[in-house]
Each structure stands twice: as structure tokens, then as C-alpha cells.
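*Asks:* next come a sequence and a model predicted from it.
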Amino acid sequence: MYTTVVVIGAGHSGLAMSRRLTERSLEHVVLERGEVANSWRNERWDSLRLLTPNWHSQLPGMRYHGSAQDGFMSVPEVVAFIDSYAATIDAPVQTRTTVSSVGVSASGFQVTTDRGVWNCATVVIASGAANAANVPTISSAVPSSIEMVTPLTYRSPERLGKGGVLVVGASATGIQLADEIHRSGRPVTLAVGEHVRLPRTYRGRDIFWWMNAAGVLDERHDEVDDLVRARHVPSPQLIGTPEQRSIDLNALTQLGVTVVGRLGSIRDGVAQFSGGLANTCRLADLKMNRLLNRFDEWARDKDIDVVEAPHRFEPTSVPSAPTVEIDLRRHSIGTIVWATGYHPDYSWLDVPVLDRKGRIRHHGGIVRDAPGMYLLGETLLRTRRSSYIAGADQDTCELANHLHEHLDGRAFDRRAMNPV
Amino acid sequence: MTTTAKPVDNGVNTEALLAAREALTAAPEGADFTWRASCSWVHGTYSRSTVEGFSGLGQEHTHRQAFTFDTDHPECFASEDRGATPVEVVLAGLAGCLTAGVAAVAQNRNIQLRSVTSTVEGKMNVLGILGGDPDVRNGFTEVNVHFDIDADASADDIEALVAQSQKRSAVFDLITNPTNVSVSVG
């Protein structure tokens, strides 16, 4: 079979690209291992809601039309949103088709699936950045009596055993799971490394209103100070709840969660945590305040009418001597949740485009070592907005443009690798 | 962040450091360093450690000279006090590392330093090392560092300097986090 473009993955990114290709009358197929929005259907915990408000959820040719503009979609709502998007744009999705390899061919690329082989001129990888959970190697030292789960297998606190729970990681995932697990009556210890503290609302506005309006989300990959670092910054400590609740370490401490430093090692059933907790918290507070300063300056310079006056949040309160060691069994830890990030699965990719860390080398989604190959859906792919669903709108517009030029033979020189 | 008319000079070549980061990202095997010290027992609790060679960037290196560190215990431990205690050497290492970090980060952030002084305290219950109480650990129960910094920068920027220097400090990391240590004989 031949088509001009094969898009791998029918999540919001792959579908948005499909829409862009249809706009350009470029023949294509979207291959999907399961159903449309498959990860959202099968790999998310029950209570999860988007971090971004509904008004922000915009894809090419569709935006949120419900009444709860400031609300946050639940997982079933996200599935319905993406499902209806696929129908609206009439995307040529071939579901239940698993890609087993992508290689280079005479025509461009050869995509082998369990339902036949596709040859194509260009390929768009939209298979997701969170296919697998990161589990550190020290997990092998966890006593066998302790159950281990990742955010991809976790569903709800009730499915965990009795006893205490050690949540490792304090990004959006870790902090949300620590919150709901502790509320279920299972005492939580939360191991906190480098993290991003953000209030849900500031001066009466959602934090995404600020980031959107003040231009933070539009900062480009080729503008940020340190791209490697910026792409590895953990997700912010946010939760999307109808009451726009903030969730930070102070809130969790008040709830009764035990906050400890980064998990360093497990020896003879004893978990050891970093003694550097105070500094990681101070860094997060300083960084949050720098961002709030930027918002205040922006609002003042632009003469934006904001009801509430500028203010600062309580610094993160850290115990004067945080626990640095916990005997897991004596402490009745029954479960460890590894909320230590995710990584993509490129085991099917037979084109030498990966760096030593197994990530695709790309320039704003244009794969460096394979002209005609494109990547979508990565953190800060092209702008800070790329990390969120709405990022696919502009990213696919710009990358479809580049892809089209590539097909026309105009995108081969080095200059074209620069911002399109 | 404050900038001065004169170019900021804390004596740190940040361009070289940033270039090294770039080069080592491209050739990561060069980033593997081995630091070494050798130690000879002299008498009693008095020993002399020497550092001279280390490896990194794919080759052996030698310091401009060999540096020696005499360690001993004080007279109240019935020793002769011919050198700092080893734990004091560790505290000096922490202070030196954090202060180097402050200077480097300040240079990178265009902040002119005038003076940076610090005091470091390690609290310890010596019943641990004396074997007098099995519930007391040998090492520090806590370490406190206090900086006094005079620089062309706001209090917030100075606080951020100190926080960033901890984030990038090798000694801060190895004191606050566990490290596998293997000791062999013969």
C-alpha cells in the first residue's frame, strides 16, 4: 500500500495533523494500535482531569463549546472530545493496527503493521510521549511484600492494599495521587525532588489565563535559555478541580502527608531520602515568585484590569529535620507509587534518529537525521504550549507546512530546518 | 538581576564551562571523571592524605602540585591534634564547593560579588562513633551552612544564587544523598 503521509497515533496530535493534511489535500492514513484516544481510554487513573481549563482546549477546526469554560475535562470527557474531533474532521483512521517497524525505503519510509505494509513519502510520529512509566533501578531493592504501581496501572486508592503508601515524585501526577491516596485513609509519604510549584489561581485568574495572556505558553523552543533543561522540567504541581483548588506541599503537609526528600536508595528494606529537601523547596518557591513577578509586571505594563492586587503565597514549609530514612516494613508501607515520569516507546523505530538517551533528535518536531520524518506531542516540542492538548493546533500548522514543502522538494537545505 | 557598567568579573570563566558542557554532551564518555586521594597512617589517629592525580576527559591529569591534608583528632579525644578531624575536612569541602558554586552562578547571572563568607557547622553525637549508644548514628545529625554575601544584587537574587549553588554542588549532593561505598583490603 502507498500513501503520501503515514501518521502514527490517533490521539489529539495525530488527528490534528490529519486535519492539516486534509486541508492541503495530502493523501494520508492515521494508524492507531487501539481506539482513537487509546491512552486516555486505557492508561489514566479514574479521577484525572486535564491541567488546562476547557477554554484552552482547541484543535484545528474545533474548540470547546460547553458551558464550563473554566472547568477541567475528566478523562471520559477528553475521550469524548477527541472522539468527536475524529468524527468532525473525518480522519482516515485505521484502528487496531499496531506498527511493528518504521524503516527507510526508496520512496521515503516503510511502515510495517500487523495489518500490512505501508510505503510513504513522509511519516509523522504522534504515538505519545508517555507510553511507559519511568521506574528507577532501585525498585529492584524494594522488599517483595510491597506492591509497586505506576501511574499507568494505578486507577484509584481503593484498589491499593491496606497500609501506608510511599509516593515517589512530586510533579502533577505524584502530588495528585498523594492527595487522593492520603484522603482514602492510607497514610502517604511523599518523596520530593526537583519540582515546579504553581498556584491554580493568582489574583482571581487561572494560572493558564496568566501563562496564555502573558505569552509564557508561546515561548519557542529556539528562544528558551536552556532547551535541554526546559524539556526536562517536571510538570507543574497543579490539579484540575471544579473548585479550582491549589495543591502544593503546604496543602499536603496540612492534610497529614509526610513530605521527605528525593528517594536516594533502598538498602535492606530501608529507604533513604535526600537531606536537600529544604533547598529543592526554596528553588521552587523562588521560581514561582519569579513567574508571578513577570505576570505582575506584564499586567502593569499592559494596564490589564485585574481585580485582586499582587500578593505572594506562603513559602513552602519544610520540617526543620525532615525524615531521611524510613524502614519500609516497620513503617507499614504496603505500596510504592512510582510517579517518576514517563518515556516514549520507540522500539519499533528502525531509523537511526535517537540520541544516547533514546529520545528522537529533532528541531521543533523536524527530525534531524531523517528528512520527511516529523514528531508531535513532546514537551516543548515547538513552544511551551506543545506540552498541552492545545499545542497541537499551532505545532501541526507549522509542521504540516514544512512537510508540504518537503514533498515539494523545497525543504532540504539547512536554512529550512530553522523556524518555519 | 542587577547589571553594572563595568563587566562583571568574579574570576570564573563561565564561557569555558558552558563550552565544556556543550562538548561533553556531544562526547559524554569524556564526562566520566575519577577523583583520587591516597592516605598513609603516621601515628595514633594522625594520618596524611595526598591528592595529586585524577582522570577525566579521556585522560590522566596531574594537579599543579600535590596537596596534602593532615588529619588527626583533638586532645580532648586523647590525641595529638596534628591536623583537622576528617569530619572538619568534609565541612571544608562542603563550604569550598558551595562557595565555588556561588561564584560561578553569580558570574553566569552577571552579578558582581564583593565578598562571600560562610560558616559551616556539623552537629554530631559522638556516642555513635564511640559505640556508646546503638541508636545514635556515627555521622552528622545535621549540617548548617550560613552565608554572608555582599554583591550587586537584590536579596532575592542572592538567595537564588545560594539555592542554585546547592543544586549544582557535588559535595552538597554527596552529603545529602546516599552513595555506594566499597572498601577492600590487600
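*Replies:* All right, it came through fine. From a predicted model like this one, the values you see are computed outputs, not experimental measurements. Numbering: from 1, shown residues only, chains lettered A, B, ... in the order given.
*Asks:* from now on I want contacts and neighbour counts done on CA atoms only, so please keep to that.
*Replies:* Noted.
*Asks:* ok, for residue 101, nearest residue in space, not its chain neighbours?
*Replies:* Using chain A here. In this structure, A:S101 finds its nearest non-sequential neighbour in A:W348, 4.4 Å apart by C-alpha to C-alpha, 6 or more residues apart in numbering or on different chains.
*Asks:* actually, chain B is the one I wanted.
*Replies:* Spatial nearest neighbour of B:G101, chain neighbours left out: B:S165 (4.5 Å); criterion: C-alpha to C-alpha, 6+ apart.
*Asks:* what's the helix or strand for the one you found?
*Replies:* Per DSSP states H and E: B:S165 is located in helix B:155-167.
*Asks:* and that helix, what does it pack against?
*Replies:* Other helices and strands packing on helix B:155-167, by 3 or more C-alpha pairs under 8 Å, 6 or more residues apart in numbering or on different chains; DSSP states H and E, are helix A:277-301, helix B:86-108, helix B:170-176.
*Asks:* give the residue spans of the chain that score low on pLDDT.
*Replies:* Unless you meant another one, I'm taking chain A. Confidence mapping of chain A against pLDDT under 70 gives the ranges A:410-420.
*Asks:* wait, chain B was what I had in mind.
*Replies:* Scanning chain B for pLDDT under 70 picks out the ranges B:1-5.
*Asks:* what does it put close to chain A?
*Replies:* Counting by C-alpha under 8 Å from any C-alpha of the partner chain, the positions of chain B adjacent to chain A are B:142, B:156, B:160, B:163-164, B:166-167, B:172-173, B:175-178.
*Asks:* filter the residues you listed down to the buried ones.
*Replies:* With burial judged by 16 or more other C-alpha atoms under 10 Å in any protein chain shown, the buried subset of the residues of chain B next to chain A is B:160, B:163-164, B:166-167, B:172-173, B:175-178.
*Asks:* let me see the contact set for A:V188.
*Replies:* Counting by C-alpha atoms under 8 Å, 6 or more residues apart in numbering or on different chains, A:V188 touches A:164-167, A:178, A:181-182, A:257-258.
*Asks:* how about it, phi and psi?
*Replies:* With angles defined as degrees, to the nearest 10, A:V188 sits at phi -110, psi 140.
*Asks:* distance of it from B:D173?
*Replies:* 25 Å (C-alpha to C-alpha, to the nearest Å).
*Asks:* ignoring the adjacent residues along the chain, who's closest to A:H331?
*Replies:* Among residues not flanking A:H331 along the chain, A:G164 sits closest, at 7.5 Å (C-alpha to C-alpha, 6+ apart).
*Asks:* any chance of the helices and strands packed on helix B:155-167 in CSV, plus distance to A:V36?
*Replies:* Converted to CSV, the helices and strands packed on helix B:155-167 look like this (distance: least, C-alpha to C-alpha, whole Å):
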stretch, distance to A:V36
helix A:277-301, 36
helix B:86-108, 47
helix B:170-176, 45
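*Asks:* so the residue nearest to A:H331 is in contact with A:R329, correct?
*Replies:* No: using C-alpha atoms under 8 Å, A:G164 makes no contact with A:R329, being 9.7 Å away.
*Asks:* between those two, point out the one with more neighbours.
*Replies:* When A:G164 and A:R329 are compared for neighbours, A:G164 comes out ahead with 22 against 14, by other C-alpha atoms under 10 Å in any protein chain shown.
*Asks:* and the more buried one, bridged to which residues?
*Replies:* A:I333 (DSSP bridges).
*Asks:* which residues are in contact with it?
*Replies:* Neighbour list for A:G164: A:186-189, A:331-335 [criterion: C-alpha under 8 Å, 6+ apart].
*Asks:* what of B:F140?
*Replies:* Applying C-alpha under 8 Å, 6+ apart, we find B:F140 in contact with B:122-125.
*Asks:* state the distance from the closest residue to B:D32 other than its chain neighbours to A:W348.
*Replies:* Nearest non-adjacent residue to B:D32, counting by C-alpha to C-alpha, 6+ apart: B:G56, 5.8 Å away. With distances taken as C-alpha to C-alpha, B:G56 is found 36 Å from A:W348.
*Asks:* quick one: the helix holding B:S165 to helix A:277-301, angle?
*Replies:* Interaxial angle of helix B:155-167 relative to helix A:277-301 (axes from the mean of the first three to the mean of the last three C-alpha atoms, to 10 degrees): 140 degrees.
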